[in-house]
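**Student:** compute the structure for the input listed below.
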Amino acid sequence: MAEAFLNELGKGSFMAESAGIEKGNLNALVVKSMQQAGIDISGSRTKEVAEFIKQGKTYDAVITVCDAANAERCPVFPGKTKKIAWFFEDPSALQGTEEEKLQKIALIRDEIKAAISKFIEAAGQPGYWK
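**Tutor:** A predicted model of the protein is given here:
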């Protein structure tokens, strides 16, 4: 969700890539929730952080988006990278009916979108990247 929002809201100024500690499956309810927000991520594929590290990719900023229980497992990128940690509930860990899960995912989605908007605004301020 964060990758899609940054690429959409920061179009022309930012390019985001998303990966996890291990390769997972695209959550169908997250896909549906993002479609409800006007963004189609159905063609996305999950990737592993190791894939990017092996390619020698570097980033100006790495934003980890983990739930608090898994924060210690969040990836670390070496080098001169601004490191930012955000904590959101994990949609794949939600319990309840499909409708209850969709309602909760919509809240998480909106929290992530708000965080991305704040990041874009802050990143444009003088001195942010120092």
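
**Student:** pull out the buried residues from the biggest helix by length in the chain.
**Tutor:** Longest helix in the chain by number of residues, with DSSP state H as the criterion: helix 98-123. Residues 101-102, 104-106, 108-109, 112-113, 115-116, 119 are the ones in helix 98-123 that count as buried (16 or more other C-beta atoms under 10 Å). Bear in mind the C-beta positions are built from the backbone N, C-alpha and C, glycine included.

**Student:** dump these into a markdown table; add pLDDT as well.
**Tutor:** Output for those, formatted as a markdown table (pLDDT from 0 to 100):
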| residue | pLDDT |
| --- | --- |
| Lys101 | 98 |
| Leu102 | 98 |
| Lys104 | 98 |
| Ile105 | 98 |
| Ala106 | 98 |
| Ile108 | 97 |
| Arg109 | 98 |
| Ile112 | 97 |
| Lys113 | 97 |
| Ala115 | 97 |
| Ile116 | 97 |
| Phe119 | 96 |
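
**Student:** closest one of those to Gly56?
**Tutor:** Within the buried residues of helix 98-123, the smallest distance to Gly56 is 24.8 Å, found for Phe119 (C-beta to C-beta).

**Student:** contact partners for that closest one?
**Tutor:** Shown in contact with Phe119 (C-beta atoms under 8 Å, 6 or more residues apart in numbering): 6, 63, 84.

**Student:** buried members of those residues into PyMOL, please.
**Tutor:** Selection of buried members from the contacts of Phe119 for PyMOL, criterion 16+ other C-beta under 10 Å:
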select buried, resi 6+63
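
**Student:** in helices, which of the contacts of Phe119 appear?
**Tutor:** Judged by DSSP H, these include Leu6 as members of helices.

**Student:** list the contacts for Ile108?
**Tutor:** If you count contacts by C-beta under 8 Å, 6+ apart, then Ile108 has 1, 88-89, 91 around it.

**Student:** repeat that for Ala19.
**Tutor:** The contact partners of Ala19, by C-beta under 8 Å, 6+ apart, come to 46-49, 51-52, 75.

**Student:** most neighbours among those residues, which one?
**Tutor:** Highest neighbour count within those: Val49, with 20 neighbours (other C-beta atoms under 10 Å).
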